[in-house]
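[1] the following comprises the amino acid sequence and a computationally predicted model.
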Amino acid sequence: MWKSSAVITRYAKNPVLSKEHVPYPASLVFNAGVTKYQGRYVMIFRNDVVEEWGKPKFLGTNLGLAFSDDGLNWEVQPEPCLEMHDEEILRVYDPRLTVIDGRCYVCLAVDTRHGVRGGVAVTDDFSHFEILSLSVPDNRNMVLFPERINGLYARLERPFPVYSRGGRDRFDIWFSDSPDLRYWGNCQLVLGVEHVPWSNDKIGPGAPPVKTPKGWLTVFHAVDRDNQRGKRGWEERWQKRYSAGIMLLDLERPWEVVGMSKEPLMWPETPEEKEGFRNDTIFPGGMILEESGEVKIYYGAGDAVECLATAHVDDLLKLCTAPK
Ligand code: BMA
């Protein structure tokens, strides 16, 4: 069986955020986007509200906002910052934050009556969000690179092609770029699920990439599925396990993988990760490279709480560039 890489240290006081920190109705507090903006850490987290703890009867999803001076202790704002539903849009969730040229961009998964769309929005105050683009279905797990590359905005994304892939999950990580964050093209396959030795189901972008002299360093999630698995969490059946991997992309041609760790970066091991709404789930959504070389990785655990792990950037680079 697999285990987490030795370079990873989990925060001793995990979870870093959970429903107890939230001053309004909150249940499952997870899958957050995190960045540094105007001298503070900022987090937008997903809050799935249930009628009763332990039962999968959902009342709704909103996105909450929290600020921090150290990335460890978070102060949640009094109200959710975003909730979207109308005749077409059912909800938005799994935010990822990227600051580009001083503005904060938010990628969102958007469930609609006609499929899941990947949204790109921008905000300057975390209360007004302008939607810049919505993909065609089905696509989600979008993450923006923090600067233009060859003059163009760039993103990783995860379409869900079903018809052409045998009607089952076999989903990969893709790249596209854009002159204006509205029109996206130059679509390129980055990493196929078959390249991840511990995944037999699907992979997807995790947190927005961080720049290093050796390339764009980025975490992704990877899923293994076993149809023999039964009740593992609140639902009658949960057959998947979500773990995290790490790869390095070329600085100029970011659809090219320079290197990838052939082993998981993080494997579900702690009580938060092993037991929750959905057991055995690690879903990274935020990665911050500090000046000291420490990398903070924020991840949803068990689809129930938000956790933090750290590693040194040099160790992460070594994992990606180790000889095959
Ligand atoms: C994915 C997404 C994530 C979730 C994960 C594990 O398909 O829905 O939001 O964390 O499943 O349930």
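    Done, it's in.

[2] contacts, neighbours, all on C-alpha from now
    Fine.

[3] any idea which residue of this protein lies closest to the ligand?
    Per C-alpha to the nearest ligand atom, Asp303 is where the chain lies closest to the ligand, at 5.3 Å.

[4] how about that residue, what does it touch?
    Residues near Asp303 by C-alpha atoms under 8 Å, 6 or more residues apart in numbering: Leu28, Val29, Phe30, Asn31, Gly276, Phe277, Arg278, Asn279, Thr281, Ile282.

[5] what would these look like in TSV with pLDDT, distance to Val22 and secondary structure?
    Below are those laid out as TSV (pLDDT from 0 to 100; distance: C-alpha to C-alpha, whole Å; DSSP: H, G, I helix; E, B strand; the rest coil):
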residue	pLDDT	distance to Val22	secondary structure
Leu28	99	11	strand
Val29	99	9	strand
Phe30	99	12	strand
Asn31	99	15	strand
Gly276	98	18	coil
Phe277	98	18	coil
Arg278	98	21	strand
Asn279	98	23	coil
Thr281	98	22	strand
Ile282	99	21	strand
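
[6] show me which of the residues you listed neighbour the ligand.
    Contacts with the ligand within the contacts of Asp303, counted by C-alpha under 6 Å from any ligand atom: none were found.

[7] need the buried ones from those residues selected in PyMOL.
    Buried residues within these, by 16 or more other C-alpha atoms under 10 Å, are selected in PyMOL with:
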select buried, resi 28+29+30+31+276+277+278+279+281+282
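
[8] count residues in the vicinity of the closest residue to Ala309 other than its chain neighbours, would you?
    The shortest distance from Ala309 to any non-neighbouring residue, by C-alpha to C-alpha, 6 or more residues apart in numbering, is to Arg10 (4.1 Å). A total of 16 residues lie near Arg10 under the criterion other C-alpha atoms under 10 Å.

[9] hmm, Arg10 is touching Leu308, no?
    Yes: the criterion here is C-alpha atoms under 8 Å, and Arg10 meets it with Leu308 at 6.2 Å.

[10] got a list of what the residue nearest to Ala309 touches?
    Applying C-alpha under 8 Å, 6+ apart to Arg10 gives the contacts Leu308, Ala309, Thr310.

[11] mind checking which of those residues land in strands?
    If you go by DSSP state E, those have Leu308, Ala309, Thr310 in strands.

[12] who wins for neighbours among those?
    When neighbours are taken as other C-alpha under 10 Å, the top entry among those is Leu308 (24 neighbours).
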